[in-house]
Structure formats: C-alpha cells, structure tokens
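Trainee: Fold the following and give me the result.
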Amino acid sequence: MRVEVDLDICQGHGMCEMEAPGLFEAEVDHVNILDANPDEDRRAEVEAAVMYCPTQALRIVEDSE
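Mentor: Numbering: from 1, shown residues only. As a prediction, this is how the structure comes out:
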C-alpha cells in the first residue's frame, strides 16, 4: 500500500499524526508523509488516518501485483 496526500486540500489539522504516529507529521497548513509505503501491519492506523482526515486529503493506493 502507498499513502498519498492532496496538498491542495490538506489543512494540517494533524488527525493523521494522532492516528498513525511516525507515519505523518503535521505542519502549520499541511502534512508530511514520513513513510509513504508503510508495512501492512500498520494498515489499521493508516485507514484510521484516512477516515478521520477532516478534509479527506489522504488516500490509500493499493500496490498492483
């Protein structure tokens, strides 16, 4: 899985950082993705970060096999 952020709509609320610490870092008006390809064992955290993003700026892209 790969995590992507749409910086045009991200406002840096930091919900993703709270849901998946170590994967995201909130800044004043955007988020930095610290690990765009997290291990599968962190999927639940990533899904929660995507779900609770107030602006829906995050998405998961599945790896093609």
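
Trainee: so V28 sits right up against H13, yeah?
Mentor: No: in this structure, V28 is not within contact of H13 by C-beta atoms under 8 Å, at 10.9 Å. Where you see a C-beta, it was placed from the backbone N, CA and C, and this is true even at glycine.

Trainee: In terms of packing, which of those two has more residues around it?
Mentor: Taking neighbours as other C-beta atoms under 10 Å, V28 and H13 compare with H13 leading, 16 against 6.

Trainee: my guess is the more buried one contacts T55, does it?
Mentor: Yes: the criterion here is C-beta under 8 Å, and H13 meets it with T55 at 7.3 Å.

Trainee: Mind checking what secondary structure the nearest residue to E4 once chain neighbours are set aside has?
Mentor: Using C-beta to C-beta, 6 or more residues apart in numbering and skipping residues adjacent in sequence, the residue nearest E4 is R59, 5.4 Å away. Under DSSP: H, G, I helix; E, B strand; the rest coil, the three-state class of R59 is strand.

Trainee: can you tell me which residues contact the closest residue to A57 other than its chain neighbours?
Mentor: Excluding the flanking residues, the one nearest A57 by C-beta to C-beta, 6+ apart is C10, at 3.9 Å. Under the criterion of C-beta atoms under 8 Å, 6 or more residues apart in numbering, the contact list for C10 reads D29, H30, V31, T55, A57, L58.
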